[in-house]
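Visitor: sequence and computational prediction follow.
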Amino acid sequence: MNNILNYTIEFTIGLSVLYLIYFFLLRKETNYQFVRIYLLSSVLLSAIFPLISFSNIQVAGVSIESPLALQEIVVAGEQASVTESVGFSWSNALWGIYLIVTLFMFSRIVWQFIKIQKIKNSAQKSNYNGTDLYFTSKTGSTFTFLNAIFLDNKEGLNSEEREHILAHEQIHVKQLHTLDLLILEICKSIFWFNPIVHFYHAAIKITHEYQADHGVVKETSPSRYINLLVNQTLSNVGLSLGNHFGSPINNPIGFNKSKTLKRIEMMKMKNRKMNPVKYYVPVLAFALVFAVVSCDQNESTDSVLESVNELNEVDQKPEYNGGLQALYGFLGQEIKYPKSAREKGIEGKVFVEFVIGNDGAVVDVAVIKSTITQGLLDEMVVVGNDENSEQLTIQNAESLKLLEEEALRVVGAMPKWAPGKKDGLNVKVKMVVPIAFKLS
């Protein structure tokens, strides 16, 4: 759950920062292809960056690199979280709501595919400059989907107006704009709760229209084309996957007028070269987002079992007998939430250091750091003897000691591992495992 929450937060941070660059620097630029690529790259890279992790973690003054990344051991109530919980869970309820809405959103995409196929089956097929053209005869509005144009041939357009509209729609086809919308629709379905994703969807759609409008007005009278755009009234068939000649569909009339006015404003704007600096700003923004979301500089990381050995490197890392699942099973069965700490509402995290010896035995088990996240108020005491020492209440300190003792007991009781190796010889390897005690 924490991994997913962290990913969502980092994804949102990336989207937000990159959207601000678009809104303040690129929104009014007439290099529409660059703006389009930037918007798509922002979404895709924001989704990918949180999946890349470069760790250089500091725990108790020791630099830990090349981590052995394992799931954090979370003790919830009586047992570790690797065991099944029984009864009502708010997290399960929220997951259920999320899955229901997500399935509904994806079903909308499938339904739109079906609806478009129905329109295609009932339409008269023709050809326009090498592009499939379907006459919908008022069964649907004029729009583009993938490599096909759908034209309402009952709109009463003269030949010049029809040519303008078809030229506009063919640009959508040639630029593969439907693929952009499919990517954004999928993102909207997965991150339907994130308003930033919806902003990107609106931005990419209006950029598509700017791009198609620009291609048409280069070849015809801008005033006639603008008049056609203003006078055009199209049916609303609810197909957000398609590119429509008129104002964006599925929006209130006032919002449609606003979008149309923006398109007219951009058509009247003279083409100008973009300031060269604006080409570099997105690159710097991408690098900044990558550094923020991909480089872990925090000890509260979801990679909770890391290794470093006294020789700095090993050729073969220690391995628990039976693999990671067996390790999770052992810790999950053995760790118990101290009753006194649970009754007092104490939550915390204990970082346990231990050494896998030359013979694979677990030795030198010690607590190198422990933190408390929730507790009772009472007389304050100082825990620790360094500059990072924390002030805790007496009751909290006693409960934290119980958490530490339980963590030490279980880690010290681990059976032998397969030892680490260096140059063919068994070597001692130091390990650190954080164990989180959580009540919810």
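Guide: Yes, it's here. Computed from a predicted model, the values in this text were never measured in an experiment.

Visitor: give me the neighbour count for Glu265.
Guide: Look at Glu265: counted by other Cβ atoms under 10 Å, it has 11 neighbours. (Each C-beta comes from the backbone N, C-alpha and C, glycine too.)

Visitor: what's the answer for the one 3 residues further on, then?
Guide: Using other Cβ under 10 Å, Lys268 has 11 neighbouring residues.

Visitor: my read is that Ala413 contacts Glu334, right?
Guide: Yes. With contact defined as Cβ atoms under 8 Å, Ala413 reaches Glu334; the gap is 6.6 Å.

Visitor: between the two, which has more neighbouring residues?
Guide: Between Ala413 and Glu334, Glu334 has the larger neighbour count (other Cβ under 10 Å), namely 15 against 12.

Visitor: how much space separates the closest residue to that one other than its chain neighbours from Lys336?
Guide: Take Glu334 and drop its neighbours on the chain: the residue closest to it by Cβ to Cβ, 6 or more residues apart in numbering is Val410, 4.6 Å away. From Val410 across to Lys336, the span is 8 Å (Cβ to Cβ, to the nearest Å).

Visitor: who has more neighbours out of those two?
Guide: Between Val410 and Lys336, counted using other Cβ under 10 Å, the more crowded position is Val410 (22 against 15).

Visitor: per-residue confidence for that one?
Guide: If you check Val410, the pLDDT there is 91.

Visitor: could you do Asp132 as well?
Guide: Taking Asp132 on its own, its pLDDT is 93.

Visitor: residues contacting it?
Guide: 125, 147-149 (Cβ atoms under 8 Å, 6 or more residues apart in numbering).

Visitor: show the average pLDDT along the lengthiest helix in the chain.
Guide: If you go by DSSP state H, the chain has its longest helix at helix 90-122. Per-residue pLDDT over helix 90-122 has a mean of 90.

Visitor: for it, packing partners?
Guide: strand 148-151, helix 177-190 (3 or more Cβ pairs under 8 Å, 6 or more residues apart in numbering; DSSP states H and E).

Visitor: after the helix-or-strand element of the chain with minimal mean pLDDT, next one along is what?
Guide: One helix or strand of the chain scores below all others by mean pLDDT, DSSP states H and E: strand 62-64, with a mean of 31. Reading on from strand 62-64 to the C-terminus, the next helix or strand found by DSSP states H and E is strand 73-76.

Visitor: got phi/psi on the closest residue in space to Thr371 that isn't next to it in sequence?
Guide: Nearest residue to Thr371, sequence neighbours excluded (Cβ to Cβ, 6+ apart): Lys349, at 5.1 Å. For Lys349, the backbone dihedrals (degrees, to the nearest 10) come out as phi -130, psi 130.

Visitor: same deal with Asp132?
Guide: phi -60, psi 130.

Visitor: and if you look at the one 10 residues further on?
Guide: With angles defined as degrees, to the nearest 10, Thr142 shows backbone torsions of phi -80, psi 120.

Visitor: domain assignment for the chain?
Guide: What automatic domain parsing lists as the domains of the chain is 2-55+89-292, 306-438.

Visitor: among the ones you listed, which is nearest Ile73?
Guide: When the domains of the chain are compared by Cβ to Cβ, domain 306-438 sits nearest Ile73, at 4.8 Å.

Visitor: the closest one: how far from the chain's middle?
Guide: 31 Å (Cα atoms, centre = their mean, to the nearest Å).

Visitor: ok, now stretch 158-170?
Guide: Stretch 158-170 sits 40 Å away from the centroid of its parent chain (Cα atoms, centre = their mean).

Visitor: in it, what counts as buried?
Guide: Neighbour counts over stretch 158-170 (16 or more other Cβ atoms under 10 Å) mark 161-162, 164-170 as buried.

Visitor: let me have those residues in TSV, adding distance to Lys278, pLDDT and secondary structure as columns.
Guide: Below are the buried residues of stretch 158-170 laid out as TSV (distance: Cβ to Cβ, whole Å; pLDDT from 0 to 100; DSSP: H, G, I helix; E, B strand; the rest coil):
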residue	distance to Lys278	pLDDT	secondary structure
Glu161	36	85	helix
Arg162	38	88	helix
His164	31	89	helix
Ile165	32	89	helix
Leu166	34	91	helix
Ala167	29	91	helix
His168	27	91	helix
Glu169	30	92	helix
Gln170	29	94	helix
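
Visitor: show me what the strand of greatest length in the chain is packed against.
Guide: Ordering each strand of the chain by length in residues (DSSP state E) puts strand 362-374 first. Strand 362-374 is packed against strand 347-356, strand 390-393, helix 394-412, with contacts defined by 3+ Cβ pairs under 8 Å, 6+ apart.

Visitor: please identify the most buried of the ones you listed.
Guide: Compared across the helices and strands packed on strand 362-374, strand 347-356 shows the largest average neighbour count, a mean of 22 (mean count of other Cβ atoms under 10 Å).

Visitor: got the angle for that one vs strand 362-374?
Guide: If you take axes from the mean of the first three to the mean of the last three Cα atoms, to 10 degrees, strand 347-356 sits at 170 degrees to strand 362-374.

Visitor: list the helices and strands strand 347-356 packs on?
Guide: Checking 3+ Cβ pairs under 8 Å, 6+ apart, strand 347-356 ends up next to strand 362-374, helix 394-412, strand 429-438.

Visitor: ok, it: who's next to it in the sheet?
Guide: strand 362-374 (antiparallel), strand 429-438 (antiparallel) (DSSP bridges).

Visitor: so which of those gets nearest Leu103?
Guide: Using Cβ to Cβ, these put strand 429-438 closest to Leu103, at 29.4 Å.

Visitor: render the CA-only coordinates of that closest one in CSV, please.
Guide: Extracted in CSV, the C-alpha atoms of strand 429-438 (Å, rounded to 0.1, in the frame of the first residue of the first chain):
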residue,chain,number,x,y,z
VAL,A,429,28.4,-9.2,5.5
LYS,A,430,26.7,-6.5,7.5
MET,A,431,22.9,-6.2,7.0
VAL,A,432,20.3,-3.7,8.1
VAL,A,433,16.6,-4.4,8.3
PRO,A,434,14.0,-1.9,9.4
ILE,A,435,10.9,-3.4,11.1
ALA,A,436,7.8,-1.1,11.2
PHE,A,437,5.2,-1.6,13.9
LYS,A,438,1.9,-0.2,12.8
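
Visitor: okay, the angle between that strand and helix 394-412?
Guide: 130 degrees.

Visitor: what mean pLDDT does strand 429-438 have?
Guide: 84.

Visitor: quick one, what contacts Leu44?
Guide: Neighbouring residues of Leu44 by Cβ under 8 Å, 6+ apart: Ile183.

Visitor: that older thread, quick one, which of the domains of the chain is nearest to Val74?
Guide: The nearest among these, by Cβ to Cβ, is domain 306-438 at 4.8 Å.

Visitor: in terms of secondary structure, what does whichever helix or strand comes after the longest helix of the chain contact?
Guide: Sequence order places strand 124-128 as the next helix or strand after helix 90-122, per DSSP H and E. Strand 124-128 sits against strand 131-135, with contacts defined as 3+ Cβ pairs under 8 Å, 6+ apart.
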